[in-house]
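A.B. asks: model the following, please.
(one chain, ligands or ions: 1)
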Amino acid sequence: MSVFVNGNAIFDAARKGHYAVGAFNTNNLEWTRAILEAAKETKTPLLIQVSMGAAKYMGDYASVKHLVEDEMRVMNITVPVIMHLDHGNYEAAKACIKAGYSSVMFDGHDLPFEENLTKTKEIVKLAHERGISVEAEVGSIGGTEDGITGEGELASVSDAKAFADAGVDYLACGIGNIHGVYPENWKGLHFDRLKEIAAAIDTPLVLHGGSGIPKEQVQKAVKLGISKVNINTENQLAFAKATRAYIEAGKDEDKLAKGYDPRKLLAPGTQAIADTVKEIIGWLGTPSIKD
Ligand code: 13P
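C.D. replies: Below is the predicted model:
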């Protein structure tokens, strides 16, 4: 039996309760442990998600799933955890359904609309037959590529409706959000469009690029219908900063204390990720599971 849960009950409750659940990208063992530690301490459900690139870096989809499962066992994690594929293409979504993920994102935003919709429906069918949740994307999430930061494409209400009707369990919508670090001249989230989409469909909505959005804007978006918030960069920055501080303090060169041991070298960064995840969970208002 799988140790993971799908997103159905968790996101029904989140949408109705006007709070959100965090989806945190894992990149390795330390990331996985830090995210699970935060879930354990806050007693809240969350998603551990992996991108196609991070899965390749770590091995393959099955190895990431096994890592998360094993860490949950070793750490005695009892809060619900959703094992999710982040921004998968068609093949990746199918591979993760096969590998036993409890949730997959099929991101067909770069396909023509009709093809994106048709393929999404195919993934929904395959996934739902196995009790797996599906996220899709309308509009597009901006980001920086080759030094040029794009705002992404605003999701249209009619496109969002079409994807909701296709049976997706949660829907990522472009509302001016951007992956990675936000540029200084970023204009903020498009709350009017978010309101229109949330009024038109009951499907829980997903905010990608959650790192670096001011707390007030995140919380306003959650009140308006965002139920899942994706975070990756914030944890990377926190990890890098803490690791830098350790090295700049010369601790890695302390031979007596064996400061060069990776278990010591990576500890402050790992703790920084756990602290960041806990802080974000607080922003999102995810309620603790009662004992
Ligand atoms: P950030 O890296 O900007 O937090 O975005 C994460 C994300 O949306 C993953 O899909």
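
A.B. asks: get me the contact residues on the stretch 1-150 of the chain for the ligand.
C.D. replies: 25, 86, 87 (Cβ under 6 Å from any ligand atom). Bear in mind the C-beta positions are built from the backbone N, C-alpha and C, glycine included.

A.B. asks: pretty sure the second one contacts residue 49?
C.D. replies: Yes. Under the criterion of Cβ atoms under 8 Å, residue 86 is in contact with residue 49, at a separation of 4.1 Å.

A.B. asks: and for these two, which residues touch both?
C.D. replies: Counting by Cβ atoms under 8 Å, 6 or more residues apart in numbering, the contacts common to residue 86 and residue 49 are 23, 25, 105, 230.

A.B. asks: take those and keep only those in strands.
C.D. replies: Taking DSSP state E as the definition of strands, the shared contacts of residue 86 and residue 49 contribute 23, 25, 105, 230.

A.B. asks: mind saving the C-alpha coords of stretch 24-36 as PDB?
C.D. replies: Once non-C-alpha atoms are left out, stretch 24-36 reads as follows in PDB (Å, rounded to 0.1, in the frame of the first residue of the first chain):
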ATOM      1  CA  PHE A  24       7.900  22.100  -2.000                       C
ATOM      2  CA  ASN A  25      10.400  20.900  -4.600                       C
ATOM      3  CA  THR A  26      13.000  18.400  -3.600                       C
ATOM      4  CA  ASN A  27      16.500  18.300  -5.100                       C
ATOM      5  CA  ASN A  28      18.300  15.700  -3.000                       C
ATOM      6  CA  LEU A  29      18.300  13.800   0.300                       C
ATOM      7  CA  GLU A  30      18.800  17.000   2.500                       C
ATOM      8  CA  TRP A  31      15.900  18.800   0.800                       C
ATOM      9  CA  THR A  32      13.700  15.800   1.300                       C
ATOM     10  CA  ARG A  33      14.500  15.500   5.000                       C
ATOM     11  CA  ALA A  34      14.100  19.200   5.600                       C
ATOM     12  CA  ILE A  35      10.700  19.400   4.000                       C
ATOM     13  CA  LEU A  36       9.500  16.300   5.800                       C
END
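
A.B. asks: quick one: that stretch to chain centroid distance?
C.D. replies: The chain centre lies 12 Å from the centre of stretch 24-36; the measure is Cα atoms, centre = their mean, to the nearest Å.

A.B. asks: quick one: contacts of it?
C.D. replies: 46-51, 54, 57-58, 64, 67-68, 71-72, 75, 77, 81, 86, 230-232, 235-236, 239, 266, 269-271, 273-274, 277.

A.B. asks: residues of it that come out buried?
C.D. replies: Using 16 or more other Cβ atoms under 10 Å as the burial criterion, the residues of stretch 24-36 that qualify are 24, 25, 26, 27, 30, 31, 32, 33, 34, 35, 36.

A.B. asks: please flag which of the contacts of stretch 24-36 sit within helices.
C.D. replies: In this view, these that belong to helices under DSSP state H are 54, 57-58, 64, 67-68, 71-72, 235-236, 239, 269-271, 273-274, 277.

A.B. asks: so among these, which ones count as buried?
C.D. replies: Using 16+ other Cβ under 10 Å, the buried ones in the ones in helices among the contacts of stretch 24-36 are 54, 58, 64, 67-68, 71-72, 235-236, 239, 269-271, 273-274, 277.

A.B. asks: so where's the chain uncertain?
C.D. replies: Judged by pLDDT under 70, the chain has its weakly predicted residues at 144-151.

A.B. asks: can you rerun that using 80?
C.D. replies: 1, 140-152, 291 (pLDDT under 80).

A.B. asks: the residue in it sticking out farthest from the centre in helix, strand or coil?
C.D. replies: Among the C-alpha atoms of the chain, the one most distant from their mean position (Cα atoms, centre = their mean) is that of residue 256, at 40.0 Å. Secondary structure, DSSP: H, G, I helix; E, B strand; the rest coil: residue 256 is coil.

A.B. asks: now do it against the ligand, distance only.
C.D. replies: Distance, residue 256 to the ligand, by Cβ to the nearest ligand atom, to the nearest Å: 38 Å.

A.B. asks: wait, what's in contact with the nearest residue to residue 234 once chain neighbours are set aside?
C.D. replies: Sequence neighbours aside, residue 211 is the residue nearest to residue 234 in space, at 3.7 Å (criterion: Cβ to Cβ, 6 or more residues apart in numbering). For residue 211, the residues meeting the contact criterion (Cβ under 8 Å, 6+ apart) are 180, 181, 231, 232, 233, 234, 235, 237.
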